[in-house]
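Undergrad: How does the following fold in three dimensions:
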Amino acid sequence: MLSLCWLSPAVLGATAATYAFDDDMPLWARLAAGVPLGFVVFGLAGFCLASWFGLSPAVVGTSAALAALPLAGSTARRRLSEDLRLAGRTLLATARNPRPSTWSSFGANLALGAVLWRVYERAMVAGPTGISTGVDHNLGDLPFHLGIVMGFVRGENFPPIHPELAGIRLTYPFLVDFVSALLVAVGEPLVRSVFVVNLALALALTALFGRLTWLLTGSRLAAGLAPWLLFLNGGTGFLLCLKDASSTGMGLGRFLLHLPRNYTILSTGEYRWGSTLTTLFVPQRSLLLGLPLALLAITLWWRAVNAEERSGRRLLAGAGVVAGLLPLAHAHSLVVLLATAVFLSLLFRRFRAWAGFFGMALLLAVPQVMWVARGTAVGAQSFFAWQPGWDRGSLNPLFFWLTNAGLFLPLLGLALFLRQRLASRQTILFTLPFLLWFLIPNLFRMSPWIWDNVKFLIYWYLLSIPLVALLLARLAGRGWWGGLGAAMLTCGLLLAGGLDVWRVASGAQDHGIFDREGLAMAESIAAAVPPRLLVLHAPTHNSPVLLSGRRSLLGYPGHIWSQGLDAGRREEEIRLMYQAGPKGVALLAGHGVRYVLIGPAEWSLGVNRPFFDRARRLAEHGAYALYDLQSPP
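TA: Below is the predicted model:
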């Protein structure tokens, strides 16, 4: 696969770089860490070069070579070769004399990998009718991310302007989309460039989280359970499923193939937590890059607080480097790491070593933050306000969380109650500050859209899973009754999330985004309109203009306000421009609009057809037409 040829040097280079700060990481964990680290270095190098020389195959090749530079070091190359040989001998010995636990672990990992493959395969589907998604939460996010990708590939969008708000700097963390853009620039199809990056990061997240859980708990069973609890989380929504199944009159098998709705998140407000896989890790690609990096830094923290002074300094410095790479990858993760590190440094008093973490993190992060913040239009005041209860609406907070998190909260409470008998004091102390990421987002709104607090809540959940997984593992070790109880509790934890993931994997839903004519129009726009120019279209989430890489006066308004931006009166102004009265004609001239798209979404704005018929029609595909207002017909 073409993507692997370009991504492998970056991943292997980052894998070799991990020897600089951690001597004891097993090879599989190094490779898992190498995925997000390699993608970030590859993306940063490519972005800097493309900003100067344009995005081209030569720039992509140079960026891959730069990301692979750690392989040039003789020490790292030698140690990597030794680890590869050791891994080969270990695999051979395991294959010759496999244990039942080895087979069960292999089967569980293979099953989870298959689930992730299928879900990301359904996240973006290209077929004869156009581009669609099998994840309803991805309906608005996917075209936004594709707009960023194609803006880099087709629109020469350097420095990046927001794909849905012309004239405004893009402050959304775009690095994961730029990595996909690098692959598209060397000939990889858009669908595959998104799929490969997503799946690689999801698998890396699985491996890194399993390792952190094992280090925190010492239990391989807990480490095996943890990724399942992360990806298939849910509350009591499976009770709704039973109600739906009984009311439809379908057989159970047929009902499961045609699930009518989600069971972890509902627009009516009862369920808002959502399955992380379908509501976070599929639509929010930046989190998918940021979370594995944060997990790597957290793992290095844990290693450092349990290491001797000199090794601890080295591990914390490495964690600082990882954290410092986050601003363009996922800013929320950087905020969480810096704030949590303050509390951990007070709990584990190695101030000189923690100073190394903060020094390296700030040294790398501050220039990126300053570059992003320069000329930003983000309204900081819209990001923080008192709003207790998160997204509970009028529901009682306790009832809301018991409904949304289900058995997880009681089990977490029991794990904390049994802390001295369950886990080491060091483990409890280390995970304690992460409880703040449940408390703070439940008291304050930390994003313009209150639901986006989930980007902070996920860190509370992430570091609570090892304790719950360990409780289940200890219960499973208490004879057949304990094993049965642990199995029943695990099913209760996974059932609602599993239903939502199954709904995606089974193909029960398919939401069209760009139809065939829209894809053809995107190609025509890219051919007819020079890069960096504006194409007027209706404020919608799925305009073909996004795939053309050209700029939009206004895209989907929900994206704009949820990112802390202000579109002013643009939505109303666009309506006036399509109606082409005296005010509208003046606005067309004022915004410098030359190219206008008219399609199904635009006709609802009251298009003045005689006015636009006086302009030159550059392209037409089905219900879509592209006009040049400065050329006669």
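Undergrad: measure residue 18 to residue 440 for me?
TA: Remark: distance between residue 18 and residue 440 (CB to CB, to the nearest Å) = 32 Å. Backbone N, C-alpha and C define where each C-beta goes, glycine included.
Undergrad: more neighbours, these two?
TA: Set residue 18 next to residue 440 and count neighbours by other CB atoms under 10 Å: residue 18 wins out with 24 against 15.
Undergrad: In terms of pLDDT, where does that one sit?
TA: Each residue has a pLDDT score; the one for residue 18 is 97.
Undergrad: That one contacts residue 30, doesn't it?
TA: Yes. Using CB atoms under 8 Å, residue 18 is in contact with residue 30, at 5.0 Å.
Undergrad: residue ranges with poor pLDDT in this protein?
TA: Within the chain, the segments meeting pLDDT under 70 span 1.
Undergrad: Am I right that residue 626 is in a strand?
TA: Yes. Residue 626 forms part of a strand when assessed by DSSP: H, G, I helix; E, B strand; the rest coil.
Undergrad: What is the helix or strand hosting residue 28 packed up against?
TA: Applying DSSP states H and E as the criterion places residue 28 in helix 27-53. Under the contact criterion of 3 or more CB pairs under 8 Å, 6 or more residues apart in numbering; DSSP states H and E, helix 27-53 touches helix 2-17, helix 57-67, helix 74-96, helix 175-185, helix 190-217, helix 285-305.
Undergrad: swap the cut-off to 10 Å and go again
TA: If you count contacts as 3 or more CB pairs under 10 Å, 6 or more residues apart in numbering; DSSP states H and E, helix 27-53 packs onto helix 2-17, helix 57-67, helix 74-96, helix 141-154, helix 175-185, helix 190-217, helix 285-305, helix 309-324.
Undergrad: Domain-wise, how is the protein divided?
TA: For the chain, whose domains are defined here by automatic domain parsing, the residue ranges read 1-95, 208-508, 513-628.
Undergrad: Quick one: closest of the ones you listed to residue 181.
TA: Closest approach to residue 181 among these is made by domain 1-95 (6.8 Å; CB to CB).
Undergrad: list the contacts for the closest residue in space to residue 204 that isn't next to it in sequence?
TA: In space, residue 204 comes closest to residue 35 once its chain neighbours are excluded; the distance is 3.8 Å by CB to CB, 6 or more residues apart in numbering. Shown in contact with residue 35 (CB atoms under 10 Å, 6 or more residues apart in numbering): 7, 10-11, 14-15, 197, 200-205, 207-208, 289, 292-293.
Undergrad: Likewise for residue 332?
TA: Listed by CB under 10 Å, 6+ apart, the contact set of residue 332 reads 173, 284, 286-287, 290-291, 294, 326, 446-447, 452-456, 458-459.
Undergrad: Apply 6 Å and report the result again.
TA: With contact taken as CB atoms under 6 Å, 6 or more residues apart in numbering, residue 332 is in contact with residue 455.
Undergrad: quick one: it from residue 455, how far?
TA: To residue 455, residue 332 is 4 Å away according to CB to CB.
Undergrad: Residue 14 now?
TA: If you measure residue 14 against residue 455 using CB to CB, the figure is 25 Å.
Undergrad: sorry, back to before: looking at the domains of the chain, which is nearest to residue 139?
TA: domain 513-628 (6.8 Å).
Undergrad: Figure out the length between the terminal residues of the closest one.
TA: Start-to-end span of domain 513-628 (CA to CA, to the nearest Å) is 25 Å.
Undergrad: that older thread, also compute the angle for the helix holding residue 28 relative to helix 2-17, please.
TA: If you take axes from the mean of the first three to the mean of the last three CA atoms, to 10 degrees, helix 27-53 sits at 110 degrees to helix 2-17.
Undergrad: so how far is helix 27-53 from its chain's centroid?
TA: In terms of CA atoms, centre = their mean, to the nearest Å, the centre of helix 27-53 is set 16 Å apart from its chain centre.
Undergrad: Residue 31 touches residue 13, doesn't it?
TA: No. Shown here, residue 31 and residue 13 do not form a contact pair, counting by CB atoms under 6 Å, at 11.9 Å.
Undergrad: Between those two, which has more neighbouring residues?
TA: Summary of the neighbour comparison: residue 31 and residue 13, criterion other CB under 10 Å, with residue 13 having more neighbours (25 against 22).
Undergrad: got the contact list for the more buried one?
TA: Listed by CB under 6 Å, 6+ apart, the contact partners of residue 13 are 67-68, 70-71.
Undergrad: most surrounded residue in the residues you listed?
TA: So for the contacts of residue 13 (other CB under 10 Å), the most neighbours sit at residue 67, 28 neighbours.
Undergrad: Nearest spatial neighbour of it, chain-adjacent residues omitted?
TA: That would be residue 10: by CB to CB, 6+ apart, it lies 3.7 Å from residue 67.
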